[in-house]
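Sharing a model prediction with you, sequence too.
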Amino acid sequence: MTAFQEPARTLWTAYAESRRRPRRIHALGVEHRDAACRLAVAPPEVVPDRESRDAYVRRLDGVIYVCPWETRLRSWIAFERFRAEQPAGVAAAFVPPPQAERIAQAFERWKRAGRPMRPHILTSTWHVPLDWLVPFVRTERSLTLGVPGPDDAACDHVTQGAATAAPARTLLYVTSMGEARRRVDHALPIVRENLGDGSGDVYLLSAGRLETLSRWLGEFHPRALVELDYGGLVHLLDDEALRADESVAEMSVALTGMERGEVELTVAMYKRLLARWRPVRALESAN
């Protein structure tokens, strides 16, 4: 909480104590349903008119940690990336061009005003980027197996903040900012020597992508926490697949193999990672 300046610190402190906010165990589902409902209308509400006042809250050793959703900023960033990656005709099929231009112009005004561009949350679709596995170790893993599949709460009630009785389904890792930075800094020269400096394919590990992650981590309070949350991906995987997911441990072993020059071990772990995530990523193109 001390990382926030006033009046944000007072506002987030009151929010953390509020009974109306989404409870931590259900907050991800609330955010997911809220986004799905915005996109279900015609035309879709690609970017909210106002910034979200919600956040993820965690208490640890008497300290309150707050991670603002920043839904509007993240939606702008995601839509800008979507337009850059898709042919114009494909993008227009999802969002009418006049609406897309209005969204882009609003984002440009935001940038010119010097507003913050660093989101507290990085989002990836259909996979967990391999560089995101590096800041964590296996013992920081937490798995909760609830019922697979989206919650069917009505769209006009998704932002009210009441916790539901449905069991949560999550797979996440939590570590300190200090440990996250140390592990990324340790891995960076190893990856650079073995895999090169480039940013590389979005699905692969590279020094360029690790450097980008390192810069993002470096912008936050040194005593912050860092979480890797599988988000909606847990609804694409059954219980057995989630229990068997040891992606972070496999990345740790792969990096150790690189450092020691153990090529066979490194290749074996890397292949296991790609084999696990390739079928999940393929769902993006499924009909």
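Received it, and whenever you're ready, just let me know what you need.

center of the protein, which residue is that?
For the chain, the residue nearest the mean C-alpha position is residue 123 (3.5 Å; Cα atoms, centre = their mean).

Could you pull up the residues touching it?
Counting by Cβ atoms under 8 Å, 6 or more residues apart in numbering, residue 123 makes contact with 74, 78, 231. Glycine gets a C-beta too; all of them are placed from N, C-alpha and C.

Around residue 236, how many other residues sit close by?
14 (other Cβ atoms under 10 Å).

Let me know the pLDDT of it.
Here the pLDDT value assigned to residue 236 is 89.

same thing with residue 287?
Note on residue 287: pLDDT of 69.

just to revisit the earlier point, can you pull the phi and psi angles for the residue nearest to the centre of the chain?
phi -120, psi 140 (degrees, to the nearest 10).

Mind listing what's buried along whichever strand or helix holds residue 14?
Element membership for residue 14 (DSSP states H and E) is helix 8-17. Residues 12, 15, 16 are the ones in helix 8-17 that count as buried (16 or more other Cβ atoms under 10 Å).

Output these as TSV; include the columns pLDDT.
Rendered in TSV, the data for these read as follows (pLDDT from 0 to 100):
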residue	pLDDT
12	94
15	92
16	92
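
Pick out whichever of the residues you listed sits closest to residue 110.
Ranked by distance to residue 110 (Cβ to Cβ), these are led by residue 12 at 21.3 Å.

I'd like the mean pLDDT over the helix or strand following the helix holding residue 14, please.
Moving toward the C-terminus from helix 8-17, the next helix or strand (DSSP H and E) is helix 24-40. When pLDDT is averaged over helix 24-40, the result is 83.

tell me, how many neighbours does the nearest residue to residue 265 once chain neighbours are set aside end up with?
Nearest residue to residue 265, sequence neighbours excluded (Cβ to Cβ, 6 or more residues apart in numbering): residue 257, at 3.8 Å. Other residues near residue 257 come to 20 when the count uses other Cβ under 10 Å.

Mind pulling up the pLDDT for residue 257?
95.

Could you do residue 156 as well?
For residue 156, pLDDT reads 46.

Please apply the same query to residue 166.
At residue 166, pLDDT is 52.

what's the answer for the one 5 residues further on, then?
Looking at residue 171, its pLDDT reads 93.

Quickly name whichever of the buried residues of helix 8-17 is closest to residue 185.
Distances from residue 185 to those, taken by Cβ to Cβ, are shortest for residue 12, at 29.4 Å.

That closest one reaches residue 2, doesn't it?
No. Taking contacts as Cβ atoms under 8 Å, residue 12 lies outside contact range of residue 2: 10.8 Å.

can you give me how far stretch 248-261 is from the chain middle?
For stretch 248-261, the separation from the chain centroid amounts to 23 Å (computed by Cα atoms, centre = their mean, to the nearest Å).

Quick check: buried residues in stretch 261-270?
Applying 16+ other Cβ under 10 Å to stretch 261-270 flags 266, 269, 270 as buried.

what's the following helix or strand after the least confident helix or strand in the chain by mean pLDDT?
When the helices and strands of the chain are compared on mean pLDDT, DSSP states H and E, helix 24-40 comes out lowest with a mean of 83. Sequence-wise, the next helix or strand downstream of helix 24-40 (DSSP H and E) is strand 55-60.

Show me the shaky parts of the protein.
147-167, 198-203, 287 (pLDDT under 70).

Show the contacting residues for the closest residue to residue 55 other than its chain neighbours.
Spatial nearest neighbour of residue 55, excluding adjacent residues (Cβ to Cβ, 6+ apart): residue 68 at 4.5 Å. Residue 68 makes contact with 12, 52, 54, 55, 120 under the criterion Cβ under 8 Å, 6+ apart.

That'll do, ta.
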